[in-house]
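A.B. asks: Just to be clear, the model below is a prediction. Sequence and coordinates:
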Amino acid sequence: MVQRDHIQIVIVGHVDHGKSTVIGRLLADTHSLPNGKLEQVKAMCERNARPFEYAFLLDALKDEQAQGITIDTARCFFKTKKRDYIVLDAPGHIEFLKNMVTGAARAEAALLVIDAHEGIQENSRRHGYLVSMLGINQVTVLVNKMDLVNHSESVFETIRKEYTEFLTHIHVKPVSFIPISAMQGENLTKRSSSMAWYKGKHVLEQLDAFEKKGAVDTLPFRFPVQDIYKFTAQNDERRIVAGTIETGSIQVGDAVCFLPSGKEVTISTIEAFNMPKKSTARAGEAVGFTLSEQIYIRPGEVMVRKTEPQPLTSSRFKANVFWMGKAPLIPGKKYKLKLATARVSVTLIQLISVLDASELEASHVKKQVDRHDVAECIFETAKPIAFDSVSTIESMGRFVMVDHYEIAGGGIISEAVSDQTSLVKEHVRARELAWDKSSISTEERIDRYKHRAKFVLITGKRGIGKRRLAKALERELFRENYYAYYLGVSSLAQGIGSEAPDDTFERENQIQRLGELARIMTESGLIFITTISEMDDDDIQKLKLLNEPFEIMVFNVGPNDFNTFEVDGIIDTTKSDDRNVALMVKRLREKEIFLDFQI
Ligand code: GTP
Ligand code: MG
């Protein structure tokens, strides 16, 4: 049997503008109701001397469903020849929003109902805004109750013009406007003779014309790295990069790139658990890859194909969030963000607008996002992350925010924002301004110590001998009358260099603390030496910034870990420690730490 396509549609509009009538009518006219339901409801109305309403059909269905076990009263199902529809009637805005932002519900198109007689009301606007915030970009406006305005083309045109203006303002491009009478069944599932002036599609045709988002395996390849395993069996250097393919497909031999680090390699093998090796893999599969080169990458990076459209990489992005936390979302506070496999701390840096989801009252003056508010915000993460906008690759544009170990919010990314002025830079500027300087100037210290201060960082793979080298360098510098000091980071705190993904937040904090400490040590005139395993470009940039205005020197033990950052020296572990220390001292001298006792 061929699997039928299905698509979710949300229907919104002002109270009493006819949402339930539209749905009831669609169910009835597409023969999607249980046998005898329509007659049953009509007979009941007759008995109670009430006029029949199509909206009653929904209530009748709800009663019926309520006796079942798992029900979702806000959903209705009907079919056309082309595909199946799930319509979300959205009276409970909060549930709807929650489901939409967390990915539980996924409406791909919206029908927005406006009463022709009453015209555009407050909720017509708010709902339009909501739909746009949720990233639903196929919107059709149903101008309902045309029977009440004599099926007048000019009434329809006035509403179309006015509402199009509003939608343009909020960057929504409506797919179409359809004049209907839900009650009379006009232009719903068949064309109306009383509105011969309307030449467009009727509602059912429009629904069938909505585009279904492409199947996930035809989208660009996205592989969020879950973990990196070492081959232990043959004691070799190979590693398996493991995770689940989110979208797209990949083949052995494809050129790939890891983001945000930017490292490039090709796929050597595709390994699946307890399965023979394979040459291709696609969306939904949990696999491991071995790569042509042993590069250092971290969980949370996204592997993509070089020939396909690339994700965005930034530490700033614009997003719409729905907040569920007990405590409000406030600017400046650190939260944890989870997007695909990335785990990073995140800060709200700009609140563009806040919408109260129960009242749907928009505010541009609120200073925080309260529970059940929807807000458009700019966020900054502690490290750059790779993502897509929700409209290009849904699963790579959705995130959740954690506050105190609880999911406090869900959001969808609309775009990346350039991050020229990062939080770290702002922090450093503020810190320097507030710094209560010592009474002894940097020049006086150089004069006394006969050398400049320096932050010397020795990095490289775990267990490669960095600490031994760092201590040997300290000893040698000390012997040559430099004021040098080695600090083992484990004395500072644990966590730096930890490989466990859950420690990412901890690692960020440690790097921040180390940077601050380096700033103090270099201020005091010392050559401050320390070691950290497996840094990336971003970590180094951060340390460099935090240590400003003093200088940093970086030595990499073993093969270079960095993609763009230029280290001051590569230390060859096949050479003796003495030679390596001599090399480091030489580089330090070249960087004018040693002024030959003159200033
Ligand atoms: P809420 O769920 O309360 O927000 O309302 P709704 O948007 O679902 O409206 P509903 O479908 O319940 O319709 C509200 C009233 O408008 C009902 O009395 C309907 O009979 C009436 N109505 C709906 N469509 C039409 C129409 O095309 N013409 C006329 N004359 N009345 C209509
Ligand atoms: Mg209703």
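C.D. replies: Alright, I've got the coordinates. Please read these numbers as outputs of a predicted model, since none were measured by experiment. Ligands and ions are numbered 1, 2, ... in the order given.

A.B. asks: care to break this structure down by domain?
C.D. replies: Under automatic domain parsing, the residue ranges defining each domain of the chain are 6-209, 220-305, 315-422, 435-590.

A.B. asks: What is the end-to-end distance of the second one?
C.D. replies: In this case it means domain 220-305. Start-to-end span of domain 220-305 (C-alpha to C-alpha, to the nearest Å) is 8 Å.

A.B. asks: Stretch 165-182 near ligand 2 at all?
C.D. replies: No - taking C-beta under 5 Å from the ion as the criterion, stretch 165-182 and ligand 2 are apart, separated by no less than 11.0 Å. (Each C-beta comes from the backbone N, C-alpha and C, glycine too.)

A.B. asks: what's the first-to-last distance across that stretch?
C.D. replies: Across its full length, stretch 165-182 reaches 25 Å end to end, with C-alpha to C-alpha as the criterion.

A.B. asks: Any buried residues in it, and which?
C.D. replies: By neighbour count with 16 or more other C-beta atoms under 10 Å, stretch 165-182 contains the buried residues Leu167, Val172, Pro174, Val175, Ser176, Phe177, Ile178, Pro179, Ile180, Ser181, Ala182.

A.B. asks: Wait, the second one touches Leu130, no?
C.D. replies: It stands for Val172. No - counting by C-beta atoms under 8 Å, Val172 stays clear of Leu130, with 10.6 Å between them.

A.B. asks: Sketch out the low-pLDDT regions of this protein for me.
C.D. replies: Scanning the chain with the threshold set as pLDDT under 70 gives 1-2, 63-74, 90-96, 100, 102-104, 232-237, 357-364, 419-421, 490-503, 593-599.

A.B. asks: need the contact list for the nearest residue to Arg282 once chain neighbours are set aside.
C.D. replies: Once its chain neighbours are removed from consideration, Arg282 has its nearest residue in Ser249; the separation is 3.9 Å (C-beta to C-beta, 6 or more residues apart in numbering). By C-beta atoms under 8 Å, 6 or more residues apart in numbering, Ser249 lies in contact with Asp217, Phe221, Thr280, Ala281, Arg282, Ala283.

A.B. asks: next one: Glu118
C.D. replies: Here Glu118 is in contact with His14, His17 (C-beta under 8 Å, 6+ apart).

A.B. asks: Tell me how far the host helix or strand of Phe322 lies from the chain's centre.
C.D. replies: With elements delineated by DSSP states H and E, Phe322 resides in strand 312-323, which encompasses its position. Relative to the centre of its chain, strand 312-323 is centred 6 Å away, using C-alpha atoms, centre = their mean, to the nearest Å.

A.B. asks: buried residues in that strand?
C.D. replies: Of the residues in strand 312-323, those buried by neighbour count under the rule 16+ other C-beta under 10 Å are Leu312, Ser314, Ser315, Arg316, Phe317, Lys318, Ala319, Asn320, Val321, Phe322, Trp323.

A.B. asks: Out of these, flag the one nearest to Phe565.
C.D. replies: Each of those was scored against Phe565 by C-beta to C-beta, and Ser315 proved nearest at 16.4 Å.

A.B. asks: so what secondary structure elements neighbour the single longest helix found in the chain?
C.D. replies: Assignment by DSSP state H gives helix 504-523 as the longest helix of the chain. When contacts are defined as 3 or more C-beta pairs under 8 Å, 6 or more residues apart in numbering; DSSP states H and E, helix 504-523 packs onto strand 342-356, strand 454-460, helix 489-492, strand 527-533, helix 537-547.

A.B. asks: Export those as TSV, with columns for distance to ligand 1.
C.D. replies: Converted to TSV, the helices and strands packed on helix 504-523 look like this (distance: least, C-beta to the nearest ligand atom, whole Å):
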stretch	distance to ligand 1
strand 342-356	18
strand 454-460	61
helix 489-492	60
strand 527-533	59
helix 537-547	49
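
A.B. asks: looking at these, which is buried most?
C.D. replies: Greatest average neighbour count among those goes to strand 454-460 (a mean of 26), per mean count of other C-beta atoms under 10 Å.

A.B. asks: now for the buried residues of stretch 165-182, which pair is the farthest apart?
C.D. replies: Val172 and Ser181 (24.8 Å).

A.B. asks: Can you name the residue of the protein nearest ligand 2?
C.D. replies: The nearest approach of the chain to ligand 2 comes at Ser20, 3.2 Å away (C-beta to the ion).

A.B. asks: can you pull out the helices in the stretch 201-350 of the chain?
C.D. replies: Taking DSSP state H, counting those that start in this stretch as the criterion, the stretch 201-350 of the chain contains helices spanning 203-209.

A.B. asks: Quick check: the residue of it nearest ligand 1.
C.D. replies: Here the residue of the stretch 201-350 of the chain nearest ligand 1 is Val203; by C-beta to the nearest ligand atom that distance is 11.9 Å.

A.B. asks: if I pick that residue, what's in contact with it?
C.D. replies: Val203 touches Val22, Leu26, Leu111, Thr140, Leu142, Ile178, Ile180, Asn187, Leu188, Thr189, counting by C-beta under 8 Å, 6+ apart.

A.B. asks: Could you list which of the residues you listed also contact ligand 1?
C.D. replies: Intersecting those with the contacts of ligand 1 gives an empty set (criterion: C-beta under 6 Å from any ligand atom).

A.B. asks: Restricted to strands, list those.
C.D. replies: For the contacts of Val203, membership in strands holds for Leu111, Thr140, Leu142, Ile178, with DSSP state E as the criterion.

A.B. asks: so the second one touches Val175, yeah?
C.D. replies: It stands for Thr140. Yes - with contact defined as C-beta under 8 Å, Thr140 reaches Val175; the gap is 5.1 Å.

A.B. asks: what do these two both touch?
C.D. replies: Among the neighbours of Thr140, those also in contact with Val175 (C-beta under 8 Å, 6+ apart) are Ala109, Gln206, Phe210.

A.B. asks: can you redo those as a markdown table with distance to Thr266?
C.D. replies: Compiled in a markdown table, these are given as follows (distance: C-beta to C-beta, whole Å):
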| residue | distance to Thr266 |
| --- | --- |
| Ala109 | 40 |
| Gln206 | 46 |
| Phe210 | 39 |
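
A.B. asks: out of those residues, who has the most neighbours?
C.D. replies: Ala109 (23 neighbours; other C-beta atoms under 10 Å).

A.B. asks: nearest spatial neighbour of that one, skipping sequence neighbours?
C.D. replies: Sequence neighbours aside, Gln138 is the residue nearest to Ala109 in space, at 3.9 Å (criterion: C-beta to C-beta, 6+ apart).

A.B. asks: where does that neighbour fall, phi/psi-wise?
C.D. replies: Backbone geometry at Gln138, expressed as degrees, to the nearest 10, gives phi -110, psi 110.

A.B. asks: what's the burial count for it?
C.D. replies: Residue neighbour count, defined by other C-beta under 10 Å, stands at 23 for Gln138.

A.B. asks: wait, it sits on Val175?
C.D. replies: Yes - counting by C-beta under 8 Å, Val175 is a contact partner of Gln138 at 5.4 Å.

A.B. asks: Now Val12, what are its backbone angles?
C.D. replies: Here the main-chain torsion angles of Val12 (degrees, to the nearest 10) amount to phi -130, psi 170.

A.B. asks: For beta bridges, what are the partners of it?
C.D. replies: Taking DSSP bridges, one obtains Leu112 as the residues bridged to Val12.

A.B. asks: got the contact list for it?
C.D. replies: With C-beta under 8 Å, 6+ apart as the criterion, the residues that contact Val12 are Lys19, Ala90, Ala110, Leu111, Leu112, Val113, His127, Leu130, Val131.

A.B. asks: What sits closest to the fourth one if chain neighbours are left out?
C.D. replies: This points to Leu111. With C-beta to C-beta, 6+ apart as the measure, Ile11 is the residue that lies nearest to Leu111, at 4.6 Å, once sequence neighbours are left out.
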